[in-house]
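Engineer: quick check, what structure comes out for this input:
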Amino acid sequence: MADVAKLKKDLWKKLDDSPFVMIGLHDGGHSIPLTAQLDKDQVDTLFFFIGKDNRLAKGGEAMAQFVSKGHDYFACLAGTARVDNDFAQIDKLWNRQVEAWFPGGKDDPNLALLRFDIDSAELWETDMSASGVLKMLFGGTIKGDEEGSHAVVGTTAEE
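Structural biologist: The predicted model follows:
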């Protein structure tokens, strides 16, 4: 049985460690890789600095996929994307990596802050035992208690 609270906590920890996601709109276009900006004060929200000419800037229903650096955690996040150029939020999330993409700084005319509000998520974490890993490497049957955890949630907020 999945420990849903742990899955949610681990999502934000893993995203903080490696904030790279694939995100796309439900308009039939391909997803693109972006770096998520996390604001611990914003529950169920990811932010992305994009160019105003980015195809995601038009907003709409969207889906984001995440795979952790260690390939032991996976998430599929559904929600709504929209440009939200709140200067206080831009100022809060601004960093040197973002500045490298926007030479005009926070006043760059092409700068847009994309807000992705998560409506639901499906989370997977592989926490296989040592015996499960050996079976996977050398052939063998993985038992249910060696598979890991999985949950479908309506919020990623920690409980």
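Engineer: packing partners of the lengthiest helix in the chain?
Structural biologist: Identified as the longest helix of the chain according to DSSP state H is helix 4-17. Applying 3 or more CB pairs under 8 Å, 6 or more residues apart in numbering; DSSP states H and E, one finds that helix 4-17 contacts strand 60-67, strand 73-83, strand 111-125, strand 149-153. Placement of C-beta: from N, CA and C, glycine included.
Engineer: now that helix: average pLDDT?
Structural biologist: In this model, helix 4-17 has a mean pLDDT of 88.
Engineer: and that helix, C-alpha only, in CSV?
Structural biologist: The C-alpha trace of helix 4-17 is given here as CSV (Å, rounded to 0.1, in the frame of the first residue of the first chain):
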residue,chain,number,x,y,z
VAL,A,4,0.6,8.9,-0.1
ALA,A,5,2.0,11.5,2.2
LYS,A,6,5.6,10.2,1.6
LEU,A,7,5.0,10.2,-2.2
LYS,A,8,3.9,13.9,-2.1
LYS,A,9,6.8,14.9,0.1
ASP,A,10,9.3,13.0,-2.1
LEU,A,11,7.9,14.7,-5.2
TRP,A,12,8.9,18.2,-4.0
LYS,A,13,12.2,16.9,-2.7
LYS,A,14,13.1,15.3,-6.0
LEU,A,15,11.9,18.3,-8.0
ASP,A,16,14.1,20.5,-5.9
ASP,A,17,17.1,18.3,-6.5
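Engineer: could you pull out the buried residues of it?
Structural biologist: Residues 7-8, 10-11, 14-15 are the ones in helix 4-17 that count as buried (16 or more other CB atoms under 10 Å).
Engineer: lowest average confidence, helix or strand, in the chain?
Structural biologist: In the chain, no helix or strand scores lower on mean pLDDT, DSSP states H and E than helix 130-138, which sits at a mean of 52.
Engineer: and the end-to-end length of stretch 86-99?
Structural biologist: 17 Å (CA to CA, to the nearest Å).
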